[in-house]
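Asks: here is the input, now give the coordinates:
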Amino acid sequence: MTDLSLKVGVYRYEHTEPMFDGRVPIDGVDATLVTSPLISDVFCEMAKRELDIAEFGLTYFLRTFDLDDSPFLALPIFPNRNFRHSALFVNVDSGIEKPEDLAGKTVGEFALWGSDPGVWMKGVLAEDHQVTPDQISWVIGGTDHPIPAFDWIPQPVPGGVEVRHTEGGETLGAMLEDGEIDALLSVDVPQALIDGSPKIRRLFPDYRSTEQDYYRRTGIFPMMHAVAIRRELVGEPGLVRSVYRAFSRAKDLVQQQYRAGAAKQHMSVITPWFSGLFSDNRALLGEDWWPYGVDANRKAVDTFLRYHHEQGLSKRLLTSDDIFVPALLDT
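Replies: Residues are numbered from 1 along each chain as shown. As a prediction, the model looks like this:
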């Protein structure tokens, strides 16, 4: 039987590297793996149907899912996840001392209104702090480099929410430092903060403790991206299971390297005291701290889907059963 020739797009993370270097093939697939320094470029290629299987930001996937001819389904593979309380930055003169102070302010958001970290944090702000998106004026753009509006993906904005895009050479990081916006919700840390600017700080200074407490309360480790597949490929015998198995094996290889490294205090890692952090994370998050599959991620995914709908980004309230390929609902 001839292997399927497919183009697969994914960022070159440490937990996908085994697929790039050949240690983990996708059985039954002659796969051409492609990547990009900007993961949004992979999203764009997938949105334009130039890839067969690809890492896709959850909101980008869901926006295509609302089309009449929705072209993709999701696989329960989550290459990118991150706690996002650390993604909120404020100008020190803005008067913002706590999350509730964001109401009535102007806040920048990286890339698009309803970015993946944006959906998560708007949901958290609404649930935990009673601050809803319509109470804020939003400015969309690049953090340290100007970026145009993404015209290759739908851009829904609900009524009653004020949103504008940056113009010309404006960047959100500079606007935050200058006080033109009060706060910033960004996947990228503003360069000014990295450089030690006294004008910017995080809204949650002890964000690690805040995010750990969030996990203890909710059991949610927020995912940003899943892997999408073109609908016409879903029926190929054994394909979705083979893709899921390959991504899982690659991730498991890397997790096992970290487990084994603990015996030697992670000598291969150049970060001091990393073993202590690894031990703390393992105690909190468990042996499989980066889980794939529907069952282990259903609560987190369904929470994101609810937030996406509440924020006017999905036409209807979806659940995990709606978006994942049926053959992998048992994972």
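Asks: do you know how far the residue lying closest to Leu75 once chain neighbours are set aside is from Thr16?
Replies: Distances taken as CB to CB, 6 or more residues apart in numbering place Val227 nearest to Leu75, at 4.5 Å, with adjacent residues excluded. For the C-beta atoms, the positions are set from N, CA and C on the backbone; glycine is no exception. Applying CB to CB, to the nearest Å, the value for Val227 to Thr16 is 10 Å.
Asks: try Met224
Replies: Met224 is 14 Å from Thr16, by CB to CB.
Asks: now do the shared contacts for Val227 and Thr16.
Replies: Among the neighbours of Val227, those also in contact with Thr16 (CB atoms under 8 Å, 6 or more residues apart in numbering) are 10, 79, 247.
Asks: where does the last one sit, in terms of helix or strand?
Replies: In this assignment (DSSP states H and E), Phe247 forms part of helix 239-261.
Asks: quick one: mean pLDDT for the following helix or strand past that helix?
Replies: Per DSSP H and E, the first helix or strand lying C-terminal to helix 239-261 is helix 274-285. If you average the pLDDT over helix 274-285, you get 96.
Asks: buried stuff in helix 274-285?
Replies: Within helix 274-285, the residues that qualify as buried are 274-275, 278, counting by 16 or more other CB atoms under 10 Å.
Asks: same deal with stretch 154-165?
Replies: In stretch 154-165, counting by 16+ other CB under 10 Å, buried: 154, 157, 161, 163.
Asks: if we can go back for a sec, distance of the residue nearest to Leu75 relative to Leu184?
Replies: Taking CB to CB, one finds Val227 at 29 Å from Leu184.
Asks: pick out whichever of these two has more residues nearby.
Replies: More crowded of Val227 and Leu184, by other CB atoms under 10 Å: Leu184, with 28 against 25.
Asks: can you get me a residue count around the nearest residue in space to Ser70 that is not next to it in sequence?
Replies: For Ser70, ignoring the flanking residues on the chain, the nearest one in space by CB to CB, 6+ apart is Thr64 at 6.1 Å. For Thr64, the neighbour count with other CB under 10 Å is 18.
Asks: what of Asp52?
Replies: 22.
Asks: then Met121?
Replies: Met121: 22 neighbours (other CB under 10 Å).
Asks: so it lies in a helix, does it not?
Replies: Yes: Met121 forms part of a helix when assessed by DSSP: H, G, I helix; E, B strand; the rest coil.
Asks: please consider this matter closed, and thank you.
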